[in-house]
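Novice: Show me how the following folds:
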Amino acid sequence: MRIIVFSDSHGSFRNVKKMLESTASTTDAYIFLGDGESDVKFAREAYPDKLFLCVSGNCDFGSSEQKVGVFEAAGKKIIYTHGHFQHVGFGMSYLENLAKDNAADVVLYGHTHVRSCEYKDGVYYINPGSIGKPRDAKPPSYAALDIIPAGILCTHCDVEEGF
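Specialist: From the prediction side, this is the model:
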């Protein structure tokens, strides 16, 4: 199963559109981690046959989306959140507690605009970076999460900027 994870688009629908165009034929589900909820609305309209899961971010004012989501995929439990309520800018302890409390295999989070993938105590902690406004001196990005019989594979993918 392939899941595309993206976050922090902040109105950069052009980048979201590029990502969708290059991944739609191979993707089973999309998970958006907040801060650009209107971009996901357009994505859902453009790809009505695709599953889009979403949580609200700190800039999604008036959002009715949940703050933390749970998704079971290929026998793995995935927790996804924006990360601001878990204070991810100050460390991983809240995310680690969230993983432990929910017996998660994978925790997805955004908010920092910095891509990362860590494996700790049997749990993957994945931040796809920002598809709109990265803060890590790298191009806008998203993450491809492949769950296969041999395990879990995370790949960060760049979105080419320009027209």
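
Novice: which residues are in contact with stretch 127-144?
Specialist: Defining contact as C-beta atoms under 8 Å, 6 or more residues apart in numbering, one finds that stretch 127-144 is touched by 2-12, 15-16, 19, 23, 33, 36, 83, 88, 108-110, 112-117, 126, 154-161. The C-beta positions use only the backbone N, C-alpha and C, and glycine is treated the same way.

Novice: What subset of those is buried?
Specialist: In terms of neighbour count (16 or more other C-beta atoms under 10 Å), the buried residues within these are 2-10, 12, 15-16, 19, 23, 33, 36, 83, 88, 108-110, 112-117, 126, 154, 156-157, 159.

Novice: Where helices are concerned, which of those residues count?
Specialist: Judged by DSSP state H, the subset of the buried ones among the contacts of stretch 127-144 located in helices is 15-16, 19, 23.

Novice: and which of these is nearest to residue 29?
Specialist: Proximity of those to residue 29 was ranked by C-beta to C-beta; the top entry is residue 23 with 10.9 Å.

Novice: I'd guessed the closest one sits against residue 4; true?
Specialist: Yes - Residue 23 sits in contact with residue 4 when judged by C-beta atoms under 8 Å, with a separation of 5.2 Å.

Novice: Tell me which other helices or strands the worst-scoring helix or strand of the chain on mean pLDDT touches.
Specialist: Per-element confidence for the chain was summarised using mean pLDDT, DSSP states H and E. The lowest value among helices and strands belongs to helix 37-46, with a mean of 91. Here helix 37-46 is seen to pack against helix 13-23, strand 29-32, strand 51-54 when contacts are counted using 3 or more C-beta pairs under 8 Å, 6 or more residues apart in numbering; DSSP states H and E.

Novice: Tell me which of the ones you listed is the most buried.
Specialist: Mean neighbour count (mean count of other C-beta atoms under 10 Å) peaks for strand 29-32 among these, with a mean of 24.

Novice: Just the CA trace of that strand, in PDB.
Specialist: Taking C-alpha atoms only, strand 29-32 is exported to PDB below (Å, rounded to 0.1, in the frame of the first residue of the first chain):
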ATOM      1  CA  ALA A  29      -4.400   7.200   0.100                       C
ATOM      2  CA  TYR A  30      -3.300  10.700   0.800                       C
ATOM      3  CA  ILE A  31      -2.800  12.100   4.300                       C
ATOM      4  CA  PHE A  32      -2.600  15.900   4.800                       C
END
